[in-house]
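Enquirer: output the structure for:
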Amino acid sequence: MASSFDQIIDRRSTECIKWNVYDKDVLPMWVADMDFRSPEAVIQALRERVDHGVFGYPGDPFKLRETIVERLYRLYDWKISPEMIVFMPGVVTGFNLTCHAMAQPGKAILMQVPVYFPFFGAPTNAGMVRQEYQLVQRADGSYGIDFDAFEASFTDDTRIFMLCNPHNPVGRVFKRDELVKMAEICLKHDVLICSDEIHCDLIFKGHKHLPIASLSPEVARSTVTLMAPSKTFNIAGLECSFAVVENEALRNKIQAARQGMVGGVNLMGQVAALAAYEDGQDWLSEVLVYLEKNRDLICKTITEEIPELKVCAPEGTYLAWIDCRNAGLGDKPAEALVKQARVGMNEGAVFGKGGEGFVRMNFGCPTAYVEESLKRIRQAVHER
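Expert: Below you'll find the model as predicted:
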């Protein structure tokens, strides 16, 4: 049956980075936003607010705070209070603020690579040093953690561990035992956890997201959790994100790190976020089914028709992490595929060590785009 997500929407006529970076004959499958209309409830709420016609300074979005509190308890049995929520324009702002709050010259921030590339600038921005632990790729292409090696990556200078869960770009949704071990190591070394959980709602069947801060009060006191409705409901351009910081002293440090740059959430972002969380669940349930079909199509096609490539089905996110190292595409496979297949994807190397020879493919789009991109990629690889 046809789905509303099959609708082809012209985005080149808008201020859209995804579609306007490449030439018009390139199919863009890169930056992580979706090509779907947002939930009708969100669109209607924005329309009603526009019709009001007055757009003055917004106050504190207390109703949104209460909705987030209820949502986190319902989904994760995680009890927080409204004052623990800190609003900000984006998750990137959030982890940079956290780093500035803990900034000590010469001290270090640890992250698991390959990882979402804006992580890399955060230590430098705060005058700190970047440390890396490389995730272990298993025989089936999935990724895990060697906990002895992970703990060995900590030094006396490590002050923050930046976690990405669900992990971008490798698609892991870390299990409870993995999160417990990571948290225990961080507590042992007195290291703050800054957890980017922006993809927490985009989880496929057989997997469940667990906020690391929900493990125990001890872990919660040492964690900044970053979330947003932006990826989930395709409203990234409205810039509404939030941090959950249960430790009041840490929360005050983060607020102080703004240093006069208030940087809250704009009025329309508040409106969209509230509508999404209150009335967007049916849309989200449908989009997850659609995304899972796209994911499975990619995995099936690569396995059966493009064996020179390898992919492991992501457990969460709408991003496929594709191994091109045996496809003869050189050191920059994304660049080669733009030239030869006219498909635009992210170069794996930008995600750090372990990303060389990979590409990241966004499948949050109509299935027709996925089919066409795979057709073009198959032809380009086989021609080589």
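Enquirer: point out where this protein drops to low pLDDT.
Expert: Scanning the chain for pLDDT under 70 picks out the ranges 1-2, 262-263.
Enquirer: what do you get if the cut-off is 80, keeping everything else the same?
Expert: 1-3, 260-264, 384 (pLDDT under 80).
Enquirer: now the nearest residue to Arg130 once chain neighbours are set aside: which helix or strand?
Expert: Nearest non-adjacent residue to Arg130, counting by Cβ to Cβ, 6 or more residues apart in numbering: Pro123, 4.3 Å away. The C-beta positions use only the backbone N, C-alpha and C, and glycine is treated the same way. Secondary structure assigned from DSSP states H and E places Pro123 in helix 121-125.
Enquirer: which elements pack onto that helix?
Expert: helix 91-101, strand 108-113, strand 129-134 (3 or more Cβ pairs under 8 Å, 6 or more residues apart in numbering; DSSP states H and E).
Enquirer: repeat that with 6 Å
Expert: helix 91-101 (3 or more Cβ pairs under 6 Å, 6 or more residues apart in numbering; DSSP states H and E).
Enquirer: what's next to the helix it packs on, contact-wise?
Expert: 88, 118, 122, 125-126, 194, 196, 198, 224, 226, 228, 241, 243, 253-254, 257 (Cβ atoms under 6 Å, 6 or more residues apart in numbering).
Enquirer: how many neighbours does Ser216 have?
Expert: If you count neighbours by other Cβ atoms under 10 Å, Ser216 ends up with 13.
Enquirer: next up, the contacts around the nearest residue to Pro28 once chain neighbours are set aside.
Expert: Distances taken as Cβ to Cβ, 6+ apart place Gly344 nearest to Pro28, at 4.4 Å, with adjacent residues excluded. Contacts for Gly344 (Cβ under 6 Å, 6+ apart) come out as 22, 26, 28, 30, 338.
Enquirer: ok, and the closest non-adjacent residue to Ile68?
Expert: Closest to Ile68 by Cβ to Cβ, 6+ apart is Ile85, at 5.9 Å.
Enquirer: surely the one you found is in contact with Arg65?
Expert: Yes. If you go by Cβ atoms under 6 Å, Ile85 and Arg65 touch, sitting 5.2 Å apart.
Enquirer: could you chop this protein up by domain?
Expert: Using automatic domain parsing, the domain parsing of the chain gives 4-31+281-383, 47-279.
Enquirer: tell me which of those sits nearest to Ser38.
Expert: Closest to Ser38 of the domains of the chain, according to Cβ to Cβ: domain 47-279, at 5.0 Å.
Enquirer: now the closest one: how far from the chain's centre is it?
Expert: Distance of domain 47-279 from its chain centroid, counting by Cα atoms, centre = their mean, to the nearest Å, is 10 Å.
Enquirer: that domain: end-to-end distance?
Expert: One end of domain 47-279 sits 15 Å from the other (Cα to Cα, to the nearest Å).
Enquirer: same thing with stretch 312-322?
Expert: Terminal residues of stretch 312-322 lie 8 Å apart, using Cα to Cα.
Enquirer: what does it contact?
Expert: Residues from elsewhere that reach stretch 312-322 (Cβ under 6 Å, 6+ apart): 141-142, 166, 168-173, 199, 202-203, 207, 291, 295, 298-299, 309, 311, 358-364.
Enquirer: for stretch 261-272, same thing?
Expert: 42, 45-46, 49, 55, 58, 61, 64, 87-89, 235, 238-240.
Enquirer: out of those residues, which end up buried?
Expert: 42, 45-46, 49, 61, 64, 87-89, 235, 238-240 (16 or more other Cβ atoms under 10 Å).
Enquirer: which strand or helix spans the closest residue to Pro105 other than its chain neighbours?
Expert: Leaving aside its sequence neighbours, Pro105 sits nearest to Gly127 (Cβ to Cβ, 6+ apart; 5.2 Å). Using DSSP H and E, Gly127 maps to neither a helix nor a strand.
Enquirer: when you give positions from now on, start the count at 584
Expert: With the count now opening at 584, the last piece we talked about shows up as Gly710.
Enquirer: wait, Gly710 sits on Lys690?
Expert: No. The pair Gly710 / Lys690 is not scored as a contact, 8.9 Å apart, by Cβ under 6 Å.
Enquirer: quick one, which of the two is more surrounded?
Expert: Each of Gly710 and Lys690 has its neighbours counted (other Cβ under 10 Å); Lys690 has more, 18 against 13.
Enquirer: please give me every residue in contact with the more buried one.
Expert: Counting by Cβ under 6 Å, 6+ apart, Lys690 touches 711, 740, 742.
Enquirer: who's in contact with the first one?
Expert: Which is Met711. 690, 692.
Enquirer: one more time with 10 Å, if that's ok
Expert: If you count contacts by Cβ atoms under 10 Å, 6 or more residues apart in numbering, Met711 has them with 682-683, 685-692, 705, 740-743.
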